[in-house]
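J.: I need the structure of the sequence given here:
(chains A and B)
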Amino acid sequence: MFSVVRSEQRALRRRRAVRTLYGQHRFHRTPAGRAQRLLQQWLTPAQWKQFCSRGYFDVIGSHSARRYRIYRGTAMNVCLLDERGRVRRGLCFVPIYDLPAGDVMLAQKLALELCEDSALMVAREFIPRALY
Amino acid sequence: MAVQIVMDRAGDSRYPFDPASAAQVAEAELRFQQLTARGFTATARVAPGRVEIIRSFDPRVEEYVFFPRLVGG
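T.: Below you'll find the predicted structure:
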């Protein structure tokens, strides 16, 4: 009796695991999934961990060494932080083409880490939402 | 195999090339020049967690990522 129940539970767990794997596989074949995978590959382990747990990751500007926070999104998702880690102001700059969110965030990260001045030159400021 | 990854609507397009093949390297160099002329920035990972802008084509780079020009939102 108990062995039958255990066997059914194992089968159920196996079916769920297969469904999850299949879902992940399908997601990684979509533009959003491909972009997210590229983002994962190019973020540092610490940035990826921060992104997964909090929905944003921090980068250091190449020229000023100031800290920026990139939130999950495709526009109005970059904020400049002060020394205490509080949001000072919002910066909006995006790739000229329509790209999935993962690509947009990766382009913003690379721009701030490699050519901060160029990114700031085109960026428009905005007042960050209370959430930020 | 090295690869050039170009961000696009589909997430990215990947163009692998063999650094040992002169023909493939020439093709990769041409792609590099065309993309940078269109405003793309070429970047590469040079060490774990360290990325750099690549100003001129280097066949020794194993993985390029090209991102488009940025504009104010």
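
J.: which residues of chain A score low on pLDDT?
T.: In the prediction, chain A carries residues with pLDDT under 70 at positions A:1-2, A:20-21, A:23-26, A:130-132.

J.: for it, which strand is longest?
T.: When chain A is parsed with DSSP state E, its longest strand is strand A:87-95.

J.: buried stuff in it?
T.: Residues of strand A:87-95 classed as buried by neighbour count (16 or more other C-beta atoms under 10 Å in any protein chain shown): A:87, A:90-95. No exception for glycine: its C-beta is placed from N, CA and C like everyone else's.

J.: want to try TSV for those residues, with distance to chain B as columns?
T.: Below are the buried residues of strand A:87-95 laid out as TSV (distance: C-beta to the nearest C-beta, whole Å):
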residue	distance to chain B
A:87	17
A:90	10
A:91	9
A:92	4
A:93	5
A:94	5
A:95	4
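
J.: Just flag the most distant two among these.
T.: A:87 and A:95 (22.9 Å; C-beta to C-beta).

J.: Mind jotting down where the helices sit in chain A?
T.: With DSSP state H, the ranges of helices along chain A come out as A:2-27, A:31-42, A:45-54, A:101-114, A:116-122.

J.: and of those, who's closest to residue B:58?
T.: Closest to residue B:58 of those is helix A:101-114 (C-beta to C-beta; 15.8 Å).

J.: now the angle from the closest one to strand A:87-95?
T.: 110 degrees (axes from the mean of the first three to the mean of the last three C-alpha atoms, to 10 degrees).
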